[in-house]
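**Q** show me how the following folds:
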Amino acid sequence: METHEIPVSVDVLRKRFPFFEPALIDEIAKEGEWITVEEGEYLMSEGKYIRSFPIVLEGIIKVCRNDREGREILLYYLNPGQVCAMALTCCMGRMQSNISACAESDTEIIRIPVDFLDKWLNNYITWKEYVMYAYRSRFDELLETIDGIAFRKMDERLVKFFTDRNKATGETVFKGTHQEIATSLTSSREVISRLLKQLEKQGSIKIGRNKIDFSLLV
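**A** Residues are numbered from 1 along each chain as shown. The predicted model follows:
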């Protein structure tokens, strides 16, 4: 993780957040830390106190939850221009983090100290709207995740894993192992491998060494 010594450009912020008031843009540029996070690096971990929250400028962040056995379930992705609602909740309550966040690719973020969250909610209507929209979007995605676990068969959840990934990242090739998919879907590697082979036989995907081409699903 690299913290840049210079502040992020106001012009960059204006292009990414054209709906923010000019005064808010100036404050974000002044108070935020511009940080580059490498692929696979964690920004937040469960059980740690959050003293700042990230806004994504470029790249993708994966937000997950882990159980006591270390199993991980994907909650949602953060795309450019988005903020993590779960991190905001922990910041407001001065609570320990109940999620982990990992960069899916090399990612540029601006990290905002927690003290400015309440201040900007009171001073800037566009910031309040931005935060409320983040809560609503994440809530809808969490409901969709719960519905998937409760009501969808594993083969349907597997297809959705790929289509959701495409929506979040634009990618049509998953670079990783069957175990990584199983972990995200709270399943076993054996089950996922069997379902992947079925999808390959159907002509829906192409399986390679540590990669899966799912372009035909999107």
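**Q** now do the same contact list for Asn79.
**A** Counting by CB atoms under 8 Å, 6 or more residues apart in numbering, Asn79 touches 56, 60, 168. Yep, even glycine has a C-beta here, placed from its N, CA and C like the rest.
**Q** can you list the residues you listed in CSV and add neighbour count, distance to His178 and pLDDT?
**A** Listed next are the contacts of Asn79 as CSV, based on neighbours: other CB atoms under 10 Å; distance: CB to CB, whole Å; pLDDT from 0 to 100:
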residue, neighbour count, distance to His178, pLDDT
Val56, 22, 28, 95
Ile60, 22, 21, 92
Ala168, 17, 20, 82
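**Q** closest to Leu217 among those residues?
**A** Ala168 (14.2 Å; CB to CB).
**Q** any idea which element that closest one lies in?
**A** Using DSSP states H and E, Ala168 maps to helix 154-169.
**Q** which SSE is immediately downstream of that helix?
**A** strand 173-175.
**Q** helix, strand, or coil at Leu88?
**A** What DSSP: H, G, I helix; E, B strand; the rest coil gives for Leu88 is helix.
**Q** how much space between it and Gln96?
**A** 14 Å (CB to CB, to the nearest Å).
**Q** can you pick out the residue with more neighbours from the two?
**A** Shown here are Leu88 and Gln96; by other CB atoms under 10 Å, Leu88 has more neighbours (20 against 12).
**Q** please name the nearest non-neighbouring residue to the more buried one.
**A** Phe53 (5.9 Å; CB to CB, 6 or more residues apart in numbering).
**Q** double-check that that neighbour belongs to a strand.
**A** Yes: Phe53: assigned to a strand according to three-state DSSP.
**Q** test my guess that it contacts Asp115.
**A** No: with contact defined as CB atoms under 8 Å, Phe53 does not count as touching Asp115 (11.1 Å).
**Q** and the strand or helix carrying Lys128, what does it pack against?
**A** Using DSSP H and E, Lys128 sits within helix 125-151. Here helix 125-151 touches strand 72-78, helix 85-93, helix 115-123, helix 154-169, going by 3 or more CB pairs under 8 Å, 6 or more residues apart in numbering; DSSP states H and E.
**Q** take the ones you listed and lay them out in JSON lines including distance to Glu104.
**A** Below are these laid out as JSON lines (distance: least, CB to CB, whole Å):
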{"stretch": "strand 72-78", "distance to Glu104": "7"}
{"stretch": "helix 85-93", "distance to Glu104": "16"}
{"stretch": "helix 115-123", "distance to Glu104": "25"}
{"stretch": "helix 154-169", "distance to Glu104": "7"}
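**Q** circling back: avg pLDDT for the helix holding Lys128?
**A** Averaging pLDDT along helix 125-151 gives 83.
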